[in-house]
Each structure stands twice: as C-alpha cells, then as structure tokens.
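Peer 1: Starting from these lines, generate the structure:
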Amino acid sequence: MLDLAHYEELKPAPRAVFDRLAERRSRVRYMVPEGDDWRAVTWGAHAKRIRELAQFLAGAGFEPGERGAIYAHNRVEWMAAAMAIQAAGGVMVPIYPASTAAQAGYVAKHSDASVLFVDGEELLARVLETWGELGAVRRVVLLDDALDATATAKRLRDRGLAVPSLDELDEKVLRWSAAVARGAARDEEQPSSFDERLASIRLESQAIMLYTSGTTGNPKGVPLTHGNVGANGRDWMRCFAPVLEEGYVDLLWLPMSHVFGFGEACIGNSLGWTTYLADPSTALKSLPVVRPDVFMSVPAYWEKLAQAALAEPVRERRRQRLDEVTGGRLRFCLSGGAGLKREVKEAFYEAGHLILEGYGLSETSPSLTLNRPKDFRFDTVGKPLPSVELQLAEDGEILAKGPNVFAGYHKDPEATRESFTDDGWFKTGDVGRFTPDGFLQIIDRKKEILVTAGGKNVPPANIELRFADDPLFSHVVVYGDGKKYLVAGVWLDAEALDAKLAELGVGQGDRRDAVEKLVAEAIERANAELARFEQIKRFRVFDTPLTVAGGLLTSTLKVRRKKVWEAFAQDFEALYES
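Peer 2: Just a heads-up that it's a prediction; the model follows:
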C-alpha cells in the first residue's frame, strides 16, 4: 500500500521529477522501443533535458504565463517539452495528433501559443499548411532532428499549396538539438535561474490548457491551474493507495495529448515508475513482453484482451489466458474515456484483476468520481472524490464543486456563464442518479435528450447502454427526436460477429438473415426492460464504421451522436417509411 506522506503537498507537476531526483537519478524512467529492443532513459537524463529546454524557453523570451503547444505523437521528448513549458512558468497546450491542419491551427491561434513543438513530417506539413493562422507563435521546435522543414515546405509548394518562405522558416523553425544546446549554454551561465523560476510558480497559476472535443462547433479552451490538477492528483492517490506502489512498471500507449495519457505519465513521475512506451498498434502485443504492473486503457483494448479469455469454457483456463495476454503481473488496471462493458470487468475480476473506472471532464481536472479498490460497483462510475461535492439538479443534471473545477473557458465568457449556476456549481451537462449506497450512475448527456412526438423525454444513452455488455455490439445510436417512435442504427463488432456465426454454423449465404435475427433478438430483450415510448421499433445494421478520423467519434472514442444523426440522416429517416 502506498504511503501517502510524500503526496499530500500540492505542487506543480515538474516538481515530481526534480524533488526526488537525488534518489532516482540513475534509475530508468522510460524504456523506448528501438527495433526489437528497448533504449533506457534514466531519470537523470530526462531531468537534464527538461532543465535545458526550460532554460532555452526562458532565454528565448518565454515569460511565465505564456502558452506552449505540443503537436506530436507519444515520445519521451513530448513529456520533456511539456515539463519544460511548465517549469518555465508557462501553460502547456496539447494538440491531438489526429487534428487536421485547420484544427491544429485553430488551437495554436486561439490558445495564444508563442511556441509550438511538432514532430513527424505529416504533422509538420499540417503546421506549414496553416502557417498563416498560427497567430502569436514565435518559434517552432522540431522534436526530431531528422525533420527538414525546408524540404517539407518545398513538397507542399510543388503541390500548389501556400507555405512560408525560406526566410520565415529560418527565422522561426529550430531543430531539437539546437534548442537543447542553447538551453545547456544558458544553464551554464545562469544555473540558478531554472530553480528560481520553478520555485516561483504558484498553485493558482495556469498549468495546462485542454481543448474539449465537443459534439458541435470549435473546441473550447479549458485552462487548469497547478492547484486544480494537484488537488485531483492528491484525491486520486488517496482513492487508489491500496493498490499503488512506488517503482511500478507501466505500459503507456494512451496519447499524451489527452489528459488520460498525460495523467498516467504524471502519476509515473510522482511514484517513480518505469514507463515502457508503446503506440496503439503495438500496445497489446507488448503486454506479454513488458509484463507491466500497471495498464491504463480505453474500453476497446480491455475488450480485446477479454475476448481470448471469454472463449474458454473453464474458469481456470480463462485466468491463464488473461495472464498470457497481459503478462500476468497486473496490479493496477484503470479504464477510462467511455464505459466498459460489465462482462469484461467481471471476466478480469474472476481472474483476480479489478478494473476500476471513474467519471469526469476536462473542466474538472479531470476526475469527479472513482470506484475504489475496496468500494466499487461495476454498474456505476464510483463515488465522489474526497474533495469533490456533487449534487443533482431538478432535471437530473450532475452539478460539481471542488478545488479541481476550472474557473472558466479561455476567451469565452458567455460559455463560462452558461456552465455555472448562479451559486457557483459547475454544470457537467451529464444526467445522473445516485444509488442508495452513494454510487453515481451516468444516464445521458443532458443536451442529447430526445423529445418524441408524444412529448416524452427520452435519454438515448439510457437505451443504448442496454447493449453495452453484449460483445456483438460496438455502437448503438438511437434516433427519433420529434418522431412517433424510436429507431436505431447498429454497428457490430466484426470479430465477435464472425465467432458467433461460426458457433451457430451459419453459412455465407445465410449470413445476412442471421445477423438481422441476432440483432432483432437483442433489441427485443432490451425493449422488454423499457417503457413503450422508449422501445426501439425498427433498426438498421451499418457496415460503414464510426471512426475518429471520420469525425463520428471523439478522440476518447465516444460517439458524437449528433454527427452520426447528421451523417446517416437519410438512412434513419428511411426507417420511418412504410
């Protein structure tokens, strides 16, 4: 069990690297994949790089309170840049690598970022395409010396795209090694300036600006202070202390640009973990090799891991299969980003692995509730954190107060006013209910409640969750605002479907009818639990997948229901035709 004595004091995130550096300096902080092997990065080397980059920023005129953006895939340099921005007194602004040129340009400009770290030729090309929209950006730092901004610009120019001139590139773009060298030189000349600036950071100063992936319109900037994030981190430690230890090994594949992935890296900094880096394509096959103590993931990966075990009829063999695919040493499992199917949680629990879930938003740093190791219910998102207050409005909307709740959106006072009640409660936009024993259940998004032609208010998620535990279903989207009855779009899991049809002995020629029958039976079972006005009367199975790239899922794999309604409007409307 974790001794909480070291973690009660709130402090800026970079302090977690430097405060205990003397005892950790020679230990391994990161393991980076290189071919078939791994390259070790020690705590000492990582801290040195953070220090040099922070000194580079200070020497380049980066003032406390300025914003530095990062547009890159996961790598050690991503975290070094993030910690350097904060150690220099700045505000770190992550940009999702999946963002288009226009989206990345919007975030850079709207956030007023003065420096932008970028990695990969594809992302660099997007930056060059939106160069004129970068606003206040004075410096672009390439995280990899192999990148050639001039050559990338030439390729774009040859395609007829408007790109910056060579003079502009020479003036603004800097390679990683050059930035590090400048910072190292400044550190030799002014060695105390780094420590002085780090020590001067106040808890009420902004630490990070997250951009929400809303269902409509441009994303909103969510500034969080060091106090916001620190208070949430302390609550997190208190809740999970029974299953946490210093020195664990974790496998980090979640995007650092998302608060879930960044949070995992920061917890690793605090607890002295050794982190093996992976990406979405290598994460699952790396588990048996790395054999981590910690794995944090979105539901899709937990579900893939569980599939192997669920196929086994004998309990002990299911346990063995899970140990085989996970490495057999998991001690702390966390799922987030969306709800995890109950049968997956139960399969892991049967094998001795408790997967914990919680609930929160970017605006709450991010957690509001958590299931605890010794106090959990699989049909809920847990109980409020120690420092968080929750209550339900008359319409069931979840309202929150606490030191982790942000003060307001960046440059959007109207949205800020709309997001708080007159007496200061943050309006989450989610509809919930409390169980008699104090656990919170999420029912729906408030603004996505359907109103039928008969005037009935129907939360679609309350219907859709009936399919959450069925491995055949990837997504179910209910439709019917203003209609006499409800219909649904259905997206099936290809692997689970193939396995089910094979089990039933269905031939290729009978496949379509069999699929329709399976879905109809599942909907009939769900309808049996619903009021008549909530029941699904007709459905369609779609082959076109819902994806992040297609704009129909958020970066955390949540369905953008309104976007789905728009994209498949004709198909949904056709279900009402006789």
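Peer 1: correct me, but Val107 touches Asn218?
Peer 2: No - look at Val107 against Asn218 with C-beta atoms under 8 Å: they stay out of range, at 9.1 Å. In this view, the C-beta of every residue, glycine as well, is placed from N, C-alpha and C.
Peer 1: Of those two, which one has the most company?
Peer 2: It is Val107, of Val107 and Asn218, that has more neighbours when counted by other C-beta atoms under 10 Å, with 22 against 13.
Peer 1: Could you confirm the more buried one falls within a strand?
Peer 2: No - read with DSSP: H, G, I helix; E, B strand; the rest coil, Val107 is helix and lies in no strand.
Peer 1: Against Thr274, how distant is it?
Peer 2: 32 Å (C-beta to C-beta, to the nearest Å).
Peer 1: just Ala400 next, same as before
Peer 2: Applying C-beta to C-beta to Ala400 and Thr274 gives a distance of 35 Å.
Peer 1: quick one: the strands in the stretch 151-300 of the chain?
Peer 2: Ranges of strands within the stretch 151-300 of the chain are 173-175, 206-211, 221-225, 249-252, 274-277, 294-297, based on DSSP state E, counting those that start in this stretch.
Peer 1: closest one to Leu504 among the ones you listed?
Peer 2: For these, proximity to Leu504 was assessed by C-beta to C-beta; strand 294-297 is nearest, at 30.7 Å.
Peer 1: and the closest one, which residues are buried?
Peer 2: Within strand 294-297, the residues scored as buried using 16 or more other C-beta atoms under 10 Å are Val294, Phe295, Met296, Ser297.
Peer 1: Any chance you could list what contacts the top strand by length along the chain?
Peer 2: Under DSSP state E, the strand in the chain containing the largest number of residues is strand 426-434. Residues outside strand 426-434 that contact it (C-beta atoms under 8 Å, 6 or more residues apart in numbering): 359, 361, 363-364, 368, 392-393, 395-401, 405-406, 418-421, 440-447, 449, 459.
Peer 1: what does stretch 55-63 give?
Peer 2: 68, 84-85, 88-90, 114-115, 138-139, 179-180, 182-184, 186-187, 190, 193-194, 197.
Peer 1: Swap in 10 Å and give it another go.
Peer 2: With contact meaning C-beta atoms under 10 Å, 6 or more residues apart in numbering, stretch 55-63 is reached by 54, 64, 66, 68, 81, 84-85, 87-90, 114-115, 138-139, 141, 174, 178-191, 193-194, 197.
Peer 1: Just the buried ones from those, in PyMOL syntax?
Peer 2: The PyMOL command for the buried members of the contacts of stretch 55-63 (criterion: 16+ other C-beta under 10 Å) is given here:
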select buried, resi 54+66+68+81+84+85+87+88+89+90+114+115+139+141+174+179+180+182+183+184+186+187+193+194+197
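Peer 1: need the strands for the stretch 301-450 of the chain, in chain order.
Peer 2: 332-335, 355-356, 358-360, 367-370, 383-384, 389-392, 397-401, 426-434, 440-445, 450-451.
Peer 1: Who are the packing partners of the first one?
Peer 2: Identification of packing neighbours for strand 332-335 by 3 or more C-beta pairs under 10 Å, 6 or more residues apart in numbering; DSSP states H and E yields helix 226-240, helix 259-271, strand 294-297, helix 299-310, helix 342-350, strand 355-356.
Peer 1: hang on, the earlier thing: so for Val107 and Asn218, which residues contact both of them?
Peer 2: Both Val107 and Asn218 are contacted by Tyr211, under the criterion C-beta under 10 Å, 6+ apart.
Peer 1: still on that earlier bit, show me just the buried residues among the contacts of strand 426-434.
Peer 2: For those, buried by 16+ other C-beta under 10 Å: 359, 361, 363-364, 368, 397-401, 405-406, 419-420, 440-446, 449, 459.
Peer 1: Any regions of the stretch 51-200 of the chain where pLDDT drops low?
Peer 2: Along the stretch 51-200 of the chain, no part satisfies pLDDT under 70.
Peer 1: let's see it at 90
Peer 2: 96-103, 133, 135 (pLDDT under 90).
Peer 1: those helices in it, which residues are they?
Peer 2: For the stretch 51-200 of the chain, the helices defined by DSSP state H, counting those that start in this stretch cover 76-87, 101-110, 121-129, 149-158, 166-172, 176-189, 191-199.
Peer 1: of those, which approaches Glu414 most closely?
Peer 2: helix 101-110 (15.0 Å).
Peer 1: what's the neighbour count on the spatially closest residue to Pro164 that is not a sequence neighbour?
Peer 2: What sits nearest to Pro164 in space, not counting adjacent residues and going by C-beta to C-beta, 6 or more residues apart in numbering, is Trp131, at 4.7 Å. Applying other C-beta under 10 Å, we find 20 other residues in the vicinity of Trp131.
Peer 1: cool, and Phe56?
Peer 2: Considering only other C-beta under 10 Å, Phe56 is surrounded by 26 other residues.
Peer 1: Give me the distance between it and Asp187.
Peer 2: Here the criterion is C-beta to C-beta. By it, Phe56 lies 9 Å from Asp187.
Peer 1: Same question for Arg445.
Peer 2: Taking C-beta to C-beta as the measure, Arg445 falls 49 Å from Asp187.
Peer 1: for Leu530, same thing?
Peer 2: Counting by C-beta to C-beta, the gap from Leu530 to Asp187 is 64 Å.
Peer 1: Ala151 against Glu121, yeah?
Peer 2: Yes - the pair Ala151 / Glu121 is scored as a contact, 8.8 Å apart, by C-beta atoms under 10 Å.
Peer 1: and those two? which has more neighbours close in?
Peer 2: Higher neighbour count among Ala151 and Glu121: Glu121, with 16 against 11, using other C-beta under 10 Å.
Peer 1: Does the more buried one touch Arg155 like I think?
Peer 2: Yes - at 8.9 Å, Glu121 counts as touching Arg155 under the criterion of C-beta under 10 Å.
Peer 1: Need the residues touching each of the two.
Peer 2: Residues touching both Glu121 and Arg155 by C-beta under 10 Å, 6+ apart: Asp148.
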